[in-house]
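In: my questions concern the predicted model and sequence given below.
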Amino acid sequence: QVQLAESGGGLVQAGGSLRLSCVVTGGTFSNYAMGWFRQVPGKEREFVAYISWRGGTTSYGTSVKGRFTISRDNAKNTVYLQMNNLKPEDTAVYYCAADIPPSTNWVTPSGYDYWGQGTQVTVSS
């Protein structure tokens with residue numbers, strides 16, 4: 001059974017930084033493509049970032065491009081989301097997700113097979 005656990009969320013002032021981590025257990029992490037999404041109450045889950053199974057391909061949502069960076073450490077079964085220059089509109093619950101086996105539908109939640117429980121990120125103005 002594949003399980004994902006996010007950590008690193010919290011409260012930060014606008015302009016600050018946070019790094020989210022997602023540890024994956026079960027299966028072979030190095031074979032999984034990974035994504036980050038976020039969601040606020042009453043809205044659909046929004047694509048934030050994607051990284052391919054080897055890390056050679058990354059993709060970002062328009063609203064975070066240039067500020068967020070996704071990376072992975074296959075030796076630690078972990079994917080990261082470095083978030084810089086945070087804005088109040090980045091406030092959301094952030095989820096990591098695994099795409100097994102990797103597909104090309106990485107910008108929609110339906111393209112992923114396993115999800116973590118989420119971690120809250122709150123950016124104050």
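Out: Received, thanks.
In: so is A75 in a helix, a strand, or just coil?
Out: coil (DSSP: H, G, I helix; E, B strand; the rest coil).
In: cool, T122 as well?
Out: strand.
In: tell me the contacts of the residue nearest to it when sequence neighbours are not counted?
Out: Spatial nearest neighbour of T122, chain neighbours left out: L11 (4.7 Å); criterion: Cβ to Cβ, 6 or more residues apart in numbering. Using the backbone N, CA and C atoms, a C-beta is placed for each residue, glycine as well. L11 makes contact with 122-124 under the criterion Cβ atoms under 8 Å, 6 or more residues apart in numbering.
In: list buried residues within those.
Out: Neighbour counting over the contacts of L11 (16 or more other Cβ atoms under 10 Å) leaves V123 as the buried ones.
In: what's the closest of the contacts of L11 to T62?
Out: The shortest approach to T62 among the contacts of L11 belongs to V123, at 17.9 Å (Cβ to Cβ).
In: can you tell me how far the spatially most central residue of the chain sits from S125?
Out: Centroid-nearest residue in the chain: W36, 2.2 Å away (criterion: Cα atoms, centre = their mean). Applying Cβ to Cβ, to the nearest Å, the value for W36 to S125 is 23 Å.
In: now do D99
Out: D99 sits 34 Å away from S125, going by Cβ to Cβ.
In: between the two, which is the more surrounded one?
Out: Each of D99 and S125 has its neighbours counted (other Cβ atoms under 10 Å); D99 has more, 20 against 9.
In: not counting its neighbours along the chain, what's nearest the more buried one?
Out: A33 (4.1 Å).
In: please name the residues that touch the one you found.
Out: 50-53, 98-100, 102-103, 106.
In: which members of these occur in strands, if any?
Out: 50-51, 98-99 (DSSP state E).
In: closest one of those to Q1?
Out: Nearest to Q1 out of the ones in strands among the contacts of A33 is A98 (Cβ to Cβ; 11.8 Å).
In: and the closest one, how many residues sit next to it?
Out: Neighbour tally, A98, other Cβ under 10 Å: 24.
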